[in-house]
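**Student:** From the sequence below, what's the structure:
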Amino acid sequence: MSDLFDHLPDTPIHPISEPDAQKRLEDLKRRVAEHDYHYYVEDAPTISDYEYDALFREIQTLEQAFPSLLTSDSPTQRVGGAPLPAFASAVHHVPMLSLSNAFTDDEIVAFDKRVREALDNHDHAGDLEYDCGVKFDGLAVNLRFEHGVFVNGATRGDGITGEDITANLKTIRSIPLSLADAPPLIEVRGEVLMQKKDFETLNAQQLSRGEKTFVNPRNAAAGSLRQLDPKITAERRLTFFAYGVGETDWGQWSPPPTQSLLLAWLSRHRFLIGDERTVARSVDELLAFYRGIQQKRNDLPYAIDGVVYKVNPFHLQPIIGFVSRAPRFAVAHKFPAEEMKSVILDIDVQVGRTGVLTPVARLQPTFVGGVTVTNATLHNEDEIREKNIKIGDTVIVRRAGDVIPEVARVVLEARPNDARDFVMPKTCPVCGSRVIRQEDEAAARCTGGLYCAAQRKQALLHFASRRAMDIEGLGEKVVDQLVNQSLIQTPADIYRLTLETVAALDRMAEKSAANLLAAIEKSKHTTLARFIFALGIRHVGEQTARDLAQSLGSLEALMRASLEQLLAVYDVGEVIAQSILRFFSEPHNREVLDQLLKAGIHWESPSITGGTGVLSGKIFVLTGTLPTLSRMEATQLIEAAGGKVSGSVSKKSHYVLAGENPGSTLAKAEALNITIIDEARLKALLLGA
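**Tutor:** Purely as a prediction, here's the structure:
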């Protein structure tokens, strides 16, 4: 191959002019990128290490001689710079949604039925087909390319905000630093993982150094990708597989009309997409793909935990719509959970932040699903009775992916004579308060409220958790000490902690205490959605908190909201609305809120989207074919401006965006007196007109 790479220098090059140096650099960078692609993506090296090193040295020499020619897409920038003190936040302008899971054939049949029913009255229903691929067992990331240059990358995080890990992602050689013939803006989304052979090599190195080995490739990839020192990440061979895009501006390019064609486009631009793919048009074909992948699962070079089905034509996806944090037009068909035998040594009761008492099986340690399991949830007293579980039983423990381990069933033939029944306590094991169980609930609850230290601890841990106020360092052991020593009782007390108080805790040196106080101070600048979620209002999860923030716009409006106003919020029903009203009707809750605001907690408005917010709280339904925008582009524009796109018309809809051949959706909108707009009016709304 040496004839393709002539004039390779063994010594520093002779002085040349800056224009000539720039031309030479561009040629060298192209050659190195070509070699990286063949070596790290195709696994087929085309030149020797010596030749590659010579190319690399010449680039370094030229960049040292002409510092102004050093660019972010240079191969010399894949590893460099000092370790980072911490990862900065990165906002996803188009949310990184998770997928709903299915575990049985019947669930896939139901998924296909829902998709077809959503398309029943649509002229293009006959276009329905599914893109099928494997579900990589890694970490989801977002790569942003502007004018063909990789500018930053981030983790999924909570779907709205992730961590900026650009420096670490640049060390992954299967990620191109630049794209040829690229649109003005494209975010490539995919999974970072460690292939099986690289995982084995890493663990062998760890053993030879006398260091701790990793449990599985996913843990190894996660630990490697979140290193504060990119040089450590670079030492561990990670791989990136692309599966989609986020925010885009295709400019003069025509966007691919289907998921499978998008993947082909990504492959042409030198991203790995995985070879195990097909397009299916029926449930039978979906299930055949699933079973085929299941049979070859162990022979694949990387770990997977299922397959993914996505409606292939992009123009059909917005019609089918979204639910909560997941699209309705896609589903992950997971492989069966891994199961192992164990013995229930005892059954304890945990008290959660809402007072729910949950029985937990203490197990004889067993290795299942990639981890050693010593505890498994038993959910509630009714489930224990239904599964006929006794203390001392041999049981089958099930774990699937990141799901909490559970007891699947009892091995009755192995039951010992001294097996004991479990009895739910009548009083709280933490505070001694009375335990009650409502007629319409399976859960037993402690009545102690904030008087109960367990509820207090769990409420504080929830408040400080990553997806809430994100107070790094305020973990279980620290909260235990603070509550047990009566140093904090409510979330507001967190902001009164002093360096002297925190440094006096066990295993908290002054530096650790200072770091915690810095994290507490940093948490004061948050978003309204995160703050609402952090309050721990029963039934109010992350998505509902976002909906409340977008729809009502301020904490004051939320506190004053009537039942009717709450019910007008997208996806808020009677149960959630009543829970919110009860929370804000409690004087002690209002007092804590006042103290938190006086402590300096604040947020910007709009609070949760990366768009302009001009459509904040507005719900759109799309129907028909638009003149210039695809449905996906229109959806992205609406969501980036704070709006929501629903798959069906209801009384909560604000606008129906109609194009040609709108179908029955238009008639429904007219019957409900919903405002109907065209593409031109949408663009005017986006401009605030």
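
**Student:** list the helices and strands the helix ranked longest in the chain packs on?
**Tutor:** When every helix of the chain is counted residue by residue (DSSP state H), the longest turns out to be helix 18-36. Helix 18-36 makes packing contacts with helix 49-65 when contacts are defined by 3 or more CB pairs under 8 Å, 6 or more residues apart in numbering; DSSP states H and E. In short, each C-beta sits where N, CA and C put it, glycine included.

**Student:** For burial, what's the neighbour tally of residue 598?
**Tutor:** 10 (other CB atoms under 10 Å).

**Student:** Likewise for residue 682?
**Tutor:** 22.

**Student:** That one looks like it's in a helix, true?
**Tutor:** Yes - when DSSP: H, G, I helix; E, B strand; the rest coil is applied, residue 682 is found to be in a helix.

**Student:** ok, now which ones touch it?
**Tutor:** The neighbours of residue 682, taking CB atoms under 8 Å, 6 or more residues apart in numbering as the test, are 634, 637-638, 655, 657.

**Student:** rewinding a little: if we go by neighbour counts, what in the longest helix of the chain is buried?
**Tutor:** Residues 21, 24-25, 28-29, 31-33, 35-36 are the ones in helix 18-36 that count as buried (16 or more other CB atoms under 10 Å).

**Student:** before we move on, what about stretch 653-673?
**Tutor:** 653-659, 662-663, 665-666, 668-669.

**Student:** swap in stretch 586-599?
**Tutor:** Result for stretch 586-599 [16+ other CB under 10 Å]: buried residues 589, 592-593, 595-596, 599.

**Student:** and residue 150, what element?
**Tutor:** Applying DSSP states H and E as the criterion places residue 150 in strand 149-155.

**Student:** then that strand to PDB, C-alphas only?
**Tutor:** Presented in PDB, the C-alpha positions along strand 149-155 are these (Å, rounded to 0.1, in the frame of the first residue of the first chain):
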ATOM      1  CA  VAL A 149     -17.300  19.400  11.500                       C
ATOM      2  CA  PHE A 150     -17.900  17.600  14.700                       C
ATOM      3  CA  VAL A 151     -18.400  20.400  17.300                       C
ATOM      4  CA  ASN A 152     -19.700  18.600  20.400                       C
ATOM      5  CA  GLY A 153     -21.200  15.500  21.800                       C
ATOM      6  CA  ALA A 154     -23.300  14.600  24.900                       C
ATOM      7  CA  THR A 155     -24.900  11.800  26.800                       C
END
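
**Student:** Centre of the chain to that strand, how far?
**Tutor:** Relative to the mean C-alpha coordinate of its chain, strand 149-155 is positioned 16 Å out (CA atoms, centre = their mean, to the nearest Å).

**Student:** what's the answer for stretch 493-502, then?
**Tutor:** The mean C-alpha position of stretch 493-502 is separated from the chain mean by 32 Å, CA atoms, centre = their mean.

**Student:** Next: stretch 628-636.
**Tutor:** 23 Å.

**Student:** Now do that stretch: everything it contacts.
**Tutor:** By CB under 8 Å, 6+ apart, stretch 628-636 touches 94, 247-248, 255, 257, 314-319, 622, 626, 637, 645, 657, 679, 682.

**Student:** Just the buried ones from those?
**Tutor:** By neighbour count, with 16+ other CB under 10 Å, the contacts of stretch 628-636 hold 94, 247-248, 255, 314-319, 622, 626, 637, 645, 657, 682 as buried.

**Student:** Which of these fall within helices?
**Tutor:** Per DSSP H, the subset of the buried ones among the contacts of stretch 628-636 in helices is 317-319, 637, 682.

**Student:** So which bits of stretch 680-689 are buried?
**Tutor:** Under the neighbour-count criterion of 16+ other CB under 10 Å, stretch 680-689 has 682, 685-686 buried.

**Student:** so can I have TSV of the residues you listed showing distance to residue 166 and pLDDT?
**Tutor:** Compiled in TSV, the buried residues of stretch 680-689 are given as follows (distance: CB to CB, whole Å; pLDDT from 0 to 100):
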residue	distance to residue 166	pLDDT
682	33	90
685	34	87
686	29	83
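
**Student:** Which single one of the residues you listed is nearest to residue 526?
**Tutor:** residue 686 (26.9 Å; CB to CB).

**Student:** could you measure the residue nearest the centre of the chain against residue 625, distance?
**Tutor:** Geometric centre of the chain, nearest residue: residue 156, 4.1 Å, by CA atoms, centre = their mean. For residue 156, the distance to residue 625 equals 32 Å [CB to CB, to the nearest Å].

**Student:** Return the distance of stretch 494-507 from the chain's centre.
**Tutor:** 32 Å.
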